[in-house]
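Novice: Okay, sequence plus prediction incoming.
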Amino acid sequence: MGNGFGEKLRAERLERGLTQAELGKGLYSPSYISLLETGRREPTADIIEELARRLELAPKALEAWSQPISLSDAEYVLAGLYARQAWDLRDYPLAASHAAAAAQIALEGKNTSAWWNMTYMQAEALIKQGDWQGCQRIMEHLLEHPMAQESAGLGVRARQMLAAVHQGQGQLTEAVRHAQAAVDLSAHLPQGSTLIVGAHRALIGALAESGRLDEAWALCQAMNTQLEGTSMSQLAGEVAWVVGNVAFMRHDYPEGIRNHERAAKLLSPANDIELWARFNKASAAVRLSSGIVEPETLAAIERAELALSIVGGNNVDRLEVAFIRARWLYLTGDITAAIAKLREIHHEREDLATHTSGEVSLLLGKSLKAAGESDEAVDFLSQAQKEFTSAGAADRVQQVMDTLLEIRLAQQRAAAAQAS
């Protein structure tokens with residue numbers, strides 16, 4: 001068989017972010033997976049089929065695995081390696097370029113499975129750059145491909161990515177639709193698959209952003225069931241993070257704090273500093289949204305700012321972290337500083353998702369109201385109402401309307417007092 005199988009196995013495993021232990025869990029040791037990848041052990045037909053199942057490969061991919069590695073395969077592996085190196089260095093434009101090159105090599109070599117995976121990686125690199133529409137075009141194409149129809153795993157990955165793309169653009173109804181489709185497809189995957197957990201996370205996030213908190217919480221319980229018995233601390237940490245988010249949004253603060261504290265212990269900056277940065281940003285944001293102003297909240301903000309300064313990040317990341325700091329200033333009573341920072345963020349709001357832009361407009365309106373600038377506050381609150389309506393966030397629309405009503409009643413009382 002040569003080393004063709006091993007090279008392809010390693011490439012498929014790395015493209016899914018799996019360790020050798022995770023791929024072989026319960027059946028094959030990490031050392032045995034290593035022997036397969038280096039060509040020092042020949043796999044049987046049963047082993048090939050089992051590993052392909054665990055990698056959620058389309059059935060057609062099995063045909064190519066027993067063939068010796070060709071020149072085009074070698075070129076593909078090299079291009080894929082360059083793409084992963086660029087990804088690890090967080091050079092996402094270069095990663096997208098190398099992934100596209102690897103995908104083209106795979107396409108010319110009629111290696112459909114490799115083409116699909118590297119095109120998916122290209123889309124991931126685009127989303128890291130905030131290129132939502134570019135990512136969406138690629139993912140819609142991948143979703144329509146026969147491979148995504150034949151393989152439940154690939155279908156789940158495509159739907160989950162599309163849910164993230166729509167949520168990032170504030171299109172929450174579409175985000176829920178794709179995430180629900182991912183969850184439905186995941187029912188066909190083996191129990192314990194990380195893709196099942198990922199699909200549930202996507203749907204929970206989209207439902208929670210849409211204000212459908214009871215549905216999101218019910219799914220949290222289902223996701224915890226899926227995770228029972230796992231030894232993957234990072235995955236467990238990500239689940240605790242999501243469950244905590246929803247608990248905070250449901251005003252169950254003890255449960256939210258408990259889950260976020262657990263996530264903080266399980267997620268390590270040494271393993272994935274970018275993930276650690278996103279967690280601290282999200283933890284600070286959800287605590288502030290719940291009105292929790294305490295030293296741990298400020299510590300999370302500072303950790304997020306520090307991690308962002310290390311990993312870089314795009315303009316969206318910078319604006320979101322700045323918005324969290326602005327919310328802290330507002331809640332701690334530094335209204336003047338909050339208004340100044342919010343005006344800066346609002347000036348660049350077109351880079352943000354629609355619902356996030358709505359949050360900026362809402363907080364700026366509230367800050368101006370607190371500063372006694374009611375007329376200008378109404379302008380920003382009216383803008384927030386339009387943005388939340390466009391995003392399908394009905395609960396936030398109601399909050400804006402309540403704030404507008406408070407201002408108008410205060411204005412009416414002031415006018416009546418002057419008239420008398």
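Specialist: Perfect, I can see it now.
Novice: alpha carbons only for contacts and neighbour counts from here, please
Specialist: Will do.
Novice: Pull the number of nearby residues for residue 402.
Specialist: Around residue 402 there are 12 other residues, counting by other C-alpha atoms under 10 Å.
Novice: quick one: it from residue 38, how far?
Specialist: 64 Å (C-alpha to C-alpha, to the nearest Å).
Novice: cool, and residue 76?
Specialist: Taking C-alpha to C-alpha, one finds residue 76 at 17 Å from residue 38.
Novice: Could you check which of the two is surrounded by more residues?
Specialist: For residue 76 versus residue 38, the count of surrounding residues by other C-alpha under 10 Å is larger for residue 76: 28 against 17.
Novice: Not counting whichever helix or strand that one is part of itself, show me its contacts.
Specialist: Using DSSP states H and E, residue 76 maps to helix 71-88. Residues outside helix 71-88 that contact it (C-alpha atoms under 8 Å, 6 or more residues apart in numbering) are 7, 11, 92, 94-99, 101-103, 105-106, 109, 118, 125.
Novice: where do the helices sit along the stretch 151-300 of the chain?
Specialist: Along the stretch 151-300 of the chain, counting by DSSP state H, counting those that start in this stretch, helices occupy 152-168, 172-186, 194-209, 213-227, 233-249, 253-266, 273-289, 295-311.
Novice: So which of those is nearest residue 351?
Specialist: Each of these was scored for nearness to residue 351 using C-alpha to C-alpha, and the closest is helix 152-168 (10.4 Å).
Novice: My guess is residue 371 contacts residue 333. True?
Specialist: No - Residue 371 is not in contact with residue 333 according to C-alpha atoms under 8 Å; the separation is 10.5 Å.
Novice: Next, format the helices of the stretch 151-300 of the chain as TSV and append mean pLDDT and mean neighbour count.
Specialist: Below are the helices of the stretch 151-300 of the chain laid out as TSV (pLDDT from 0 to 100; neighbours: other C-alpha atoms under 10 Å):
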stretch	mean pLDDT	mean neighbour count
helix 152-168	91	26
helix 172-186	94	23
helix 194-209	87	25
helix 213-227	84	17
helix 233-249	85	23
helix 253-266	89	19
helix 273-289	85	22
helix 295-311	87	17
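Novice: Could you dump those helices into JSON lines with distance to residue 359 added?
Specialist: What follows is the helices of the stretch 151-300 of the chain, written out as JSON lines (distance: least, C-alpha to C-alpha, whole Å):
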{"stretch": "helix 152-168", "distance to residue 359": "14"}
{"stretch": "helix 172-186", "distance to residue 359": "15"}
{"stretch": "helix 194-209", "distance to residue 359": "12"}
{"stretch": "helix 213-227", "distance to residue 359": "18"}
{"stretch": "helix 233-249", "distance to residue 359": "15"}
{"stretch": "helix 253-266", "distance to residue 359": "21"}
{"stretch": "helix 273-289", "distance to residue 359": "10"}
{"stretch": "helix 295-311", "distance to residue 359": "18"}
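Novice: Of these, which is nearest residue 415?
Specialist: helix 273-289 (33.3 Å).
Novice: For the closest one, what is the distance to the chain centroid?
Specialist: Relative to its chain's centre, helix 273-289 lies at 12 Å (C-alpha atoms, centre = their mean, to the nearest Å).
Novice: what's it packed up against?
Specialist: Applying 3 or more C-alpha pairs under 8 Å, 6 or more residues apart in numbering; DSSP states H and E, one finds that helix 273-289 contacts helix 233-249, helix 295-311, helix 315-331.
Novice: the inter-axis angle of the second one versus helix 253-266?
Specialist: Relative orientation of helix 295-311 with respect to helix 253-266: 40 degrees, computed using axes from the mean of the first three to the mean of the last three C-alpha atoms, to 10 degrees.
Novice: angle of the lengthiest helix in the chain against helix 194-209?
Specialist: Secondary structure of the chain per DSSP state H: the longest helix is helix 394-419. Relative orientation of helix 394-419 versus helix 194-209 (the same axes, to 10 degrees): 20 degrees.
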